[in-house]
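Trainee: Following is a predicted model, sequence given first.
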Amino acid sequence: MTADRPRRSVLYLPASNERAIDKARGLACDAVILDLEDAVAPDAKVQARTQALAAVQAGGFGPREVVIRVNGLDTPWGAEDLAAARVAGAAAVLVPKIASADDLPAYAAALGGQTRLWAMIETCAAIFALDAIGAASAANRVDAWVIGSNDLAKEMRCRPGVERAPLAAALSLSVMAARAHGLAVLDGVFNEITDAEGLARQCAQGAEFGFDGKTLIHPSQIPAANRAFTPDAQAVAWARTVVAAFDLIENAGKGVVQVAGRMVERLHLAEARRQIAIVEAVTADEV
């Protein structure tokens, strides 16, 4: 299942920066996003597209997912970005500024083939259309949503700070809608590269909200995200205990069982298995 693969740390890289892309092949992030949109100046868009295509085709990223973020179809570069991404062989294409369910079919059609989509949730309109966007996501090869918290805050004219109180409702609703439609969902970036304490706090907050991981803007942020979004040893041990209990013959078909003095419902079993799958995938990647 796509939601069970590790996406704890997802690093944005300007596709115009070949040196940064090459370095990313050895970083401990779970995924990289080769960015053709916000991180690339207009006069570098064409070069960035060429370099992103070459980087994906050259490979060497190991177990990391490689995603290309394209420019919107309403820009001069969007259609050609999608045409290039169609043949690149990336794990997914991230599309920006999805505001309604009507936006996704156009991207899916332009991309064609079987390449998966990720979608940016970064507008006020999107927050009020999350359920419809979720349904359209399921119908248009979308595997994950990415919160564009900078764009959302700019449009709201709010000042989020580390704790992001003005964004709390939007973040929570986005996670709920993503889960309702079987999607992975990634938290937005933390802008202050030198604020290690603030980053750790915001990563912990993102994990508490239920995000699968965090998008990042600098390699130095990877360890904090990996720590925050990796189930800890105690949680994994409990997850294995829950799975083992439900696997007992005498518990087959039961909705509720007693585990180490606690009543555990079958609905907890899926989450237990997810945590085990994440840790096992991370461990396998590190071998």
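Mentor: Structure received. Numbers count the residues shown, from 1 in each chain.
Trainee: CA atoms for contacts and neighbours, from now on please.
Mentor: Will do.
Trainee: starting at the chain centroid, how far to stretch 280-287?
Mentor: Computed by C-alpha atoms, centre = their mean, to the nearest Å, the chain-centroid distance of stretch 280-287 equals 19 Å.
Trainee: Identify each buried residue in it, please.
Mentor: Neighbour-count burial for stretch 280-287, counted by 16 or more other C-alpha atoms under 10 Å, picks out V282.
Trainee: Quick one: mean pLDDT for stretch 179-195?
Mentor: Predicted confidence along stretch 179-195 averages 97 (mean pLDDT).
Trainee: Which positions within that stretch qualify as buried?
Mentor: Residues R179, H181, G182, L183, A184, V185, L186, D187, G188, V189, F190 are the ones in stretch 179-195 that count as buried (16+ other C-alpha under 10 Å).
Trainee: residue boundaries of the helices in the protein?
Mentor: Defined through DSSP state H, the helices belonging to the chain, from first to last, are 18-24, 45-58, 78-88, 103-111, 124-127, 130-139, 149-156, 168-180, 196-209, 222-229, 233-247, 267-286.
Trainee: tell me which residues in the fifth one are buried?
Mentor: It stands for helix 124-127. The neighbour-count check on helix 124-127 (16+ other C-alpha under 10 Å) flags C124, A126, I127 as buried.
Trainee: Quick one: residues in contact with it.
Mentor: With C-alpha atoms under 8 Å, 6 or more residues apart in numbering as the contact definition, helix 124-127 has outside contacts at I98, A99, S100, I121, I133, L152, E155, M156, A170, L173, S174.
Trainee: picking that back up, now, the buried residues of stretch 179-195 that are in strands?
Mentor: Secondary structure of the buried residues of stretch 179-195 is defined by DSSP state E; positions in strands are A184, V185, L186, D187.
Trainee: residue contacts, V243?
Mentor: The contact partners of V243, taken as C-alpha under 8 Å, 6+ apart, are L269, A272, R273.
Trainee: Neighbour-wise, which one of those leads?
Mentor: Each of these was scored by neighbour count (other C-alpha atoms under 10 Å); the top score is that of A272, with 20 neighbours.
Trainee: can you list the ones in strands among the buried residues of stretch 179-195 in a markdown table and add distance to I21?
Mentor: Formatted as a markdown table, those follow (distance: C-alpha to C-alpha, whole Å):
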| residue | distance to I21 |
| --- | --- |
| A184 | 24 |
| V185 | 24 |
| L186 | 21 |
| D187 | 22 |
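Trainee: Check what pLDDT the residue nearest to G60 when sequence neighbours are not counted gets.
Mentor: If the residues on either side of it in the chain are set aside, G60 comes closest to R25, at 6.1 Å by C-alpha to C-alpha, 6 or more residues apart in numbering. Confidence per residue is given as pLDDT, and for R25 that number is 96.
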